[in-house]
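*Asks:* only the shape, not the letters, is given here:
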């Protein structure tokens, strides 16, 4: 079961959040604006998960992934 859900848990959770928000709206528990905000948050989570899943760093050096450790403070001078 874990291998089947690998990489899909975020999508399942976000889908269930959308269903829960829609259900709450239909039962008059939350206003329309809150339902839209909940759905937008779930869709944002799906989008971020999809971007992370591609594995493309977009040209940003991550340090540990390539085996090359870079110091983020290398260009900063000490003001003492």
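*Replies:* Yes, it's here. This is a predicted model, so every value here is computed, not measured.

*Asks:* of all the helix elements in the protein, which one is longest?
*Replies:* Longest helix in the chain by number of residues, with DSSP state H as the criterion: helix 32-54.

*Asks:* elements contacting it?
*Replies:* If you count contacts as 3 or more Cβ pairs under 8 Å, 6 or more residues apart in numbering; DSSP states H and E, helix 32-54 packs onto helix 9-26. For the C-beta atoms, the positions are set from N, CA and C on the backbone; glycine is no exception.

*Asks:* and the helix it packs on, what does it pack against?
*Replies:* Using 3+ Cβ pairs under 8 Å, 6+ apart, helix 9-26 sits against helix 32-54.

*Asks:* any stretches of this protein with poor pLDDT?
*Replies:* 55-73, 80 (pLDDT under 70).

*Asks:* please repeat the previous calculation with a cut-off of 90.
*Replies:* 1-11, 49-80 (pLDDT under 90).

*Asks:* about what we covered before: what comes into contact with the longest helix of the chain?
*Replies:* For helix 32-54, contacts defined as Cβ atoms under 8 Å, 6 or more residues apart in numbering pick out 7, 10-11, 13-15, 17-18, 20-22, 24-25, 30.

*Asks:* top of these by neighbour count?
*Replies:* Ranked by neighbour count (other Cβ atoms under 10 Å), these have residue 21 at the top, with 21 neighbours.
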